[in-house]
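Engineer: I'll drop the sequence and a predicted model, then ask my questions.
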Amino acid sequence: MNKLLVSPSPHIHTKTSTASLMRDVVIALLPAVVVSVLFYGLSELIVLGVSIASCVLLEYLITRYMLKRPSTICDWSAVVTGVLLALNLPATSPWWMVLIGAVVAIGVAKMTFGGLGQNVFNPALVGRVFLLISFPVAMTDWSATKGFIPGIDAASGATPLGLYSEGGVEAISGMNYLHTLFLNIGGSAGEISAIAILAGFVYLLARRVIRPHVTLSIWITVFVFSGIMWLIDPSAYTDPCFNLLTGGLLLGSVFMATDYVTSPMSPAGGIVFGVGIGLITMLIRYFGAYPEGMSFAILIMNSTVPLINKFFKNKKFGRK
Amino acid sequence: MKKTFSIGGIHPNDSKISSDCKINVLPVPSTVCISMAQHLGAPANPVVAAGDKVKAGQVIGEPAGFISAFVHSSVSGTVKSVGPRKDLAGNNVNHIEIAVEGDEWADGIDMTETIVREIPDNETIISRIKANGVVGLGGATFPTHVKLCPPPGKKADFLILNGAECEPYLTSDYRIMLEKPEQIVIGAAIMRQVLGNPRTIIGIEDNKPEAVKTMSSVVAKLKVLSPSFHGIEIMPLKKKYPQGGEKQLIDAVTGRQVKSMGLPIDVGAVVQNVATSLAVYDAVQKNRPLVTNTLTVTGDCLPGDRQRNFLFRIGTPLSFIVDQIGGIPEEAVKVVSGGPMMGKAISNLDATTVKGSSSLLFLTAAQTVRKAESNCIRCGKCTEACPMGLEPFLLNKLARNGMMEELEENAVQDCIECGCCLYSCPANIPLLDIIRIAKGDVIKIIRGRQAAAKK
Amino acid sequence: MTTTIIWTIAIITLLGALLAVVLYLVAKKFKVEEDPRIDEVEKVLPGANCGGCGHAGCRAFAQSCVEAPNLDNNFCPVGGNDTMKKVASVLGVEVKEKAPMVAVVRCNGTCENRPRTNEYGGYSSCRVKAALYSGDTGCSFGCLGCGDCVSVCQFGAIAMNPETGLPEVDQEKCTACGACVKACPKAIIELRNKGARNKRVFVSCVNRDKGAVARKACKAACIGCGKCAKACPFGAITVENNLAYIDFTKCKLCKKCVAECPTGAIHAVNFPVLKPKPAPVAKPAEVPVKAEAAPAQKEQAAVNPQPTEKKEE
């Protein structure tokens, strides 16, 4: 015992750190990762590997050599971006496309704003949308790749939402929801198993990493909105369960809309944010040109976050 | 469903390691140094000089203003010096140094253990509380007689006794509730009578079931004995920090919220700590000045057999207490006076105990050394934790940019400095360090404006 | 196709013309009448917007200069007398010259002189530290070393010396704007007369503790012994609350006090340095090494060691 340490109160600190929160997100993503690797096999493993490695490496290079700051890769946030980006891409994506996605996600969407905490848009989504617009064919190539589970092969061809977008309700009439819950028919890696994503959601809630407001309000909005439309005309509009279970809605609502940096602070703000995402998603799906609207909806609502933060604050003690 | 306050709060491990240690009487050191600034408000004026003989309980400092308090000698002996001396923060404060000779108490002080249940009239109560230098022992050390005389037009509907002891580690309030419950309840009845018999609630957190049990049985027993004890009840509260915060406790117990910059009496509440209640009992029933208090010596790195709850004399050097428990434990890097959330780190062990001393807490490097600050990830953990519903991340940014108007709009002046924001920040941003300074600046601006408006 | 283009051009042109008219009318209606001299004065100001003059920025200062009857209460510390002369000529008024000032750090509690008694682990800011406690040394008056003065200086004129743990003022860069004086919670930094050829004598200590206490905390503390006050032939030194202070308006730079001070708390800077006597070749006439030879020399570095000072006398 040498000299006494003196600092202002409080003198104790929670064990939760940025790194531990981000690590928890990675852990919550594991079920989805495992399912997608089992399902899509080696090619998915390559996409994941390239995505994570390039995100982490880029963050390291940019912080150390361009910004000349201590590296921030130890906070695990680049890993989260890498995993999310990979789960948003088809397993057939060539490695260079993944690399471009990582450059856009980390280089453009995250580090140009000043790194973790400063970015306006969700980096993984920006990367994904950039690829979607630049390489529309490759990004919607859902051909089956060889999985690790013999006997179960990924269904090839378009995603259910793609089918609906082109052929209307009839094109998807044969779909089995039970199938969707566990192993979806085609789609990006993160879409294939609802159960895997829900398991991650429960883990995040249990670890108090996220609050449920954003996710639940997206689900409720999508359910109610599509429910109304479906009741009005079931031959033109898809039903609520279909909309909840397909097209990355679960992945987006659990892991990307809840991203700390790009979502509102207060629970009330979170609800507004979630309702906005739900509405925009459904408008794009029903009336837009793209089959699935989750990515765009989240990005559009990301841009409203500062405004939401300003108008939807927590109730202050002893004030109206 | 047990009650608690409505906004924010955190759940640190309560670490009440020393809760089973009975209160030991700390030996009287050979010299004591009694501070003249042991209360909120103007420091007392010394009324003795070097060479004077004093008895324990004799007045040695007189109040120097309306919000000030008497200071008494805690020992008998000879005054060695009167002058500035460094307090535990290293700042110069007037102290009276007394060389101890024997242990003789001043006349009129009842040092027996017999419990006195007859409550005198209000005038006697207030004058005794004032003359015996009773101050709030919950942390703020506000002179109790001032708090018990609400300004004209304000009436107390509630007297709330704070037995929450929500700070981790501290057990002194718990021990007095177990060992001196009757005195505390009589103290509560005394204050209740002064305030015009409002509803009186003793709030105790549910991590202290023994205290709830003991206090409840004492209240039941006293109610049978005398009608003066009717209207006193025990309320177990759901454990959450900072339950013992004045505003939070009122919210938890009554559901009323004190307005920004307001006082508890504005919503008809008066809050007193259980330790204050004990001091009130001693002052009124026994005419004993506030020269002793209970203090916890604890910490994870302190072995179980060295944990203590001490009844100490004010003015005892901290180093003397440290010697009594066998020195500072090897692993400790920080010694805190008070709880780990709001206590003050001690820079100077030559400093002495004051009326409000509640603990010596030893913390290890792993527990207390701050980690490097990183970017705010806008996780909102600080807003979730803030019991005042503020946005510490925003206040931090505004303060670093010196945006005073925006700070006031975002209610930085409401901050109670509980430390929940800094405790819960995963990016280790020194939120409270910065907000505390900004709060001071904004309050100064508000006060300046109010003063200008009065003119 | 062509009609579309024509229509587009026509509509855009029309819209542009319409908006131009609106802009013109709005500008006319909301025009703020301002004294044109404010612009002129602002032009001659340094434009640092440092606030050293006590106004919100250079424009506010210019406005105040124009509105005031004379320039006595307005002074731009950054631009100094030259700028004030220019302002005066713009406004056609007289201006009194002011002696150039410089920020002086009055603490010599280096790591060596003033041992650390505890370790500070909070946010590195003097204000935060000062609000918490007296600091990590035995001296409760001295420099806290977190560099609030460094971060407020807009001219890069103050830097922390990692060896001493104290801030050092670059007298060439310092504009005496006073930002550091305001930022220092311990009121250690003072604006003092720059002095003839930058020569200055000052007490580098603000400790008001009793001599023994001060001495125990810091080897270089002023102990308030008053020897300097007795030695001063000009009555420039006062001792109050155990602390000596040299009034720079009265000080004639004789350095008698420097020789008297038992703790070396009084510093004389930028005086010629005498080489130690045993140096065989040096003749007295060649000895002085002008401080001016190294203009960027830091103040603290130029402090003369006590023994050589004595020899000069």
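Structural biologist: That came through fine. Numbers count the residues shown, from 1 in each chain, chains lettered A, B, ... in the order given.
Engineer: for residue C:267, grab phi and psi.
Structural biologist: Note on residue C:267: backbone dihedrals following degrees, to the nearest 10 are phi -110, psi 140.
Engineer: contact partners of stretch B:324-336?
Structural biologist: A:1, A:4-7, A:11, B:26-27, B:297, B:299, B:301-303, B:306, B:308, B:310, B:318, B:322, B:343-346, B:349, B:359-365, B:368-369, C:121 (Cβ atoms under 8 Å, 6 or more residues apart in numbering or on different chains). Where C-beta positions appear, they are placed from N, C-alpha and C, glycine not excepted.
Engineer: same thing but 6 Å
Structural biologist: The contact list for stretch B:324-336, computed with Cβ atoms under 6 Å, 6 or more residues apart in numbering or on different chains, reads A:1, A:4-5, A:11, B:297, B:301-302, B:306, B:308, B:322, B:343, B:345-346, B:361-365, B:368.
Engineer: what do you get for stretch C:125-142?
Structural biologist: Everything outside stretch C:125-142 that qualifies as a contact, by Cβ under 6 Å, 6+ apart, is A:8, B:89-91, B:347, B:433, B:437, C:107, C:109, C:114, C:116-118, C:120, C:122, C:144, C:146, C:148, C:185, C:206-207, C:217-218.
Engineer: what about it, distance to the chain center?
Structural biologist: The chain centroid and the centroid of stretch C:125-142 are separated by 21 Å, computed with Cα atoms, centre = their mean, to the nearest Å.
Engineer: what's around residue C:24, how many residues?
Structural biologist: The tally of other residues near residue C:24 (other Cβ atoms under 10 Å in any protein chain shown) stands at 10.
Engineer: again, but for the one 10 residues further on
Structural biologist: A count of neighbours around residue C:34, defined by other Cβ under 10 Å, yields 10.
Engineer: and what of residue A:40?
Structural biologist: For residue A:40, using other Cβ under 10 Å, the count is 26.
Engineer: could you find the closest non-adjacent residue to it?
Structural biologist: residue A:91 (3.7 Å; Cβ to Cβ, 6 or more residues apart in numbering or on different chains).
Engineer: just to revisit the earlier point, show me the contacts of stretch C:125-142 that map onto strands.
Structural biologist: C:118, C:120 (DSSP state E).
Engineer: buried subset of the contacts of stretch C:125-142?
Structural biologist: With burial judged by 16 or more other Cβ atoms under 10 Å in any protein chain shown, the buried subset of the contacts of stretch C:125-142 is A:8, B:89-91, B:347, B:433, B:437, C:107, C:109, C:114, C:117-118, C:120, C:122, C:144, C:146, C:148, C:185, C:206-207, C:217-218.
Engineer: residues from chain C in reach of chain A?
Structural biologist: C:118-122, C:132 (Cβ under 6 Å from any Cβ of the partner chain).
Engineer: try 10 Å this time
Structural biologist: C:115-123, C:128-129, C:131-136 (Cβ under 10 Å from any Cβ of the partner chain).
Engineer: now those residues: which count as buried?
Structural biologist: C:117-123, C:128-129, C:131-136.
Engineer: I'd say residue A:72 and residue B:375 touch.
Structural biologist: Yes. Using Cβ atoms under 10 Å, residue A:72 is in contact with residue B:375, at 7.6 Å.
Engineer: in the chain, which spans are strands?
Structural biologist: This is for chain A. Counting by DSSP E, the strands of chain A are A:4-6.
Engineer: please refer instead to chain C.
Structural biologist: Using DSSP E, strands in chain C cover C:101-105, C:118-120, C:158-161, C:166-169, C:189-193, C:200-203, C:237-240, C:243-246, C:266-269.
Engineer: and the second one, what does it pack onto?
Structural biologist: Right, the one you point to is strand C:118-120. Here strand C:118-120 touches strand A:4-6, strand B:332-337, helix C:126-132, going by 3 or more Cβ pairs under 10 Å, 6 or more residues apart in numbering or on different chains; DSSP states H and E.
Engineer: for the ones you listed, give me JSON lines that also has mean pLDDT and distance to residue A:314.
Structural biologist: Compiled in JSON lines, the helices and strands packed on strand C:118-120 are given as follows (pLDDT from 0 to 100; distance: least, Cβ to Cβ, whole Å):
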{"stretch": "strand A:4-6", "mean pLDDT": "93", "distance to residue A:314": "33"}
{"stretch": "strand B:332-337", "mean pLDDT": "94", "distance to residue A:314": "30"}
{"stretch": "helix C:126-132", "mean pLDDT": "94", "distance to residue A:314": "26"}
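Engineer: let's have these in a markdown table, adding distance to residue B:455.
Structural biologist: A markdown table is the format used below for these (distance: least, Cβ to Cβ, whole Å):
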| stretch | distance to residue B:455 |
| --- | --- |
| strand A:4-6 | 41 |
| strand B:332-337 | 41 |
| helix C:126-132 | 29 |
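Engineer: all strands of the stretch 251-400 of chain B, in order?
Structural biologist: Ranges of strands in the stretch 251-400 of chain B, per DSSP state E, counting those that start in this stretch, are B:269-273, B:292-298, B:308-313, B:332-337, B:344-345, B:359-364.
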